[in-house]
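Student: let's see this in three dimensions:
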Amino acid sequence: MLTALATLFFGPAKNYTYCSKIMLSLLNFRLMRTLSAISMLLLCCFALPTVARAQTDQAVYTDALVNGWQNWSWATVNLANTTLVQSGSDSISVSAGPYQALYLHQTPFDSSTYADLVFWINGGATGGQLLQVQATLNGAAQTVVTLPALAANTWQQISIPLSSLGVQNQPDMDGFWIQDHSGTTQPTFFVDTISITALPPPSVVNVTVNAADTVRVVDARHLASTPPCGIRSSIRASRPIC
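Tutor: Down below sits the predicted model:
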């Protein structure tokens, strides 16, 4: 390589124009490589905070219906019950006849950023209630999920994936109900702390860019063996540098 460079700079041909083009190409290449690395680093700096932000849970009932949720039940319900409470000061008591339900309704919303329907439920003094859960898309009931018989005087948290209810990644989820499926009158049961939980945020990927790292180099063989007007640099392999 040293011989090739000596020939270029000090040989009889003294092809200064060609040498200048080679040096200019190298400088342009290094400049473009550095700018590309800096651009990637800036893109990561601006993009990562956006990715890291997570959708928040949507509360449905916390001592009262919130966030625009409404009571559309066709069972006897008390939204301000104080006799048996899981959290806060109030819960929902439900006295359901055959196939009656606690039905909570919302303006249709996009469910694509949510994961699960979560609530606490208690079978009261008697327990043994046989219930099922369904969610709705624009008022139409979707997949049935059957709950195990409720335990007496015990709060248990129920978490049902929206995918199991048939309403995940839909533009028009608008409610859900907890319904008797025994066909008989049920003892009063209690529901509290209802929410639709958000999908977890995507994992943050940390990217380190070193602008000083070598990305591509000019192959010395090109300088040593190829005539000046026919040389093809590894910087621009598509046309000769002349």
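Student: from now on I want contacts and neighbour counts done on CA atoms only, so please keep to that.
Tutor: OK.
Student: just the pLDDT for residue 201.
Tutor: As summarised for this prediction, residue 201 has a pLDDT of 80.
Student: offset the numbering so it begins at 20, please.
Tutor: All set: I'll call the first residue 20, so the last point we hit is now residue 220.
Student: roughly how far does it sit from residue 142?
Tutor: 35 Å (Cα to Cα, to the nearest Å).
Student: higher neighbour count, these two?
Tutor: residue 142 (23 against 13; other Cα atoms under 10 Å).
Student: can you list the domains in the protein?
Tutor: 20-73+243-261, 77-217 (automatic domain parsing).
Student: what about residue 197, how many neighbours?
Tutor: 23.
Student: hmm, it is touching residue 122, no?
Tutor: Yes. Shown here, residue 197 and residue 122 form a contact pair, counting by Cα atoms under 8 Å, at 6.6 Å.
Student: all strands of this protein, in order?
Tutor: 77-80, 89-90, 95-100, 110-114, 120-128, 133-141, 150-156, 159-160, 164-165, 174-180, 192-199, 208-217 (DSSP state E).
Student: can you lay out those as a markdown table showing distance to residue 186 and mean pLDDT?
Tutor: Output for the strands of the chain, formatted as a markdown table (distance: least, Cα to Cα, whole Å; pLDDT from 0 to 100):
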| stretch | distance to residue 186 | mean pLDDT |
| --- | --- | --- |
| strand 77-80 | 15 | 98 |
| strand 89-90 | 19 | 98 |
| strand 95-100 | 25 | 98 |
| strand 110-114 | 24 | 98 |
| strand 120-128 | 11 | 98 |
| strand 133-141 | 10 | 98 |
| strand 150-156 | 7 | 98 |
| strand 159-160 | 10 | 98 |
| strand 164-165 | 12 | 98 |
| strand 174-180 | 9 | 98 |
| strand 192-199 | 6 | 98 |
| strand 208-217 | 12 | 98 |
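Student: all the helices of this structure, residue numbers only.
Tutor: 21-29, 35-71, 181-184, 239-244 (DSSP state H).
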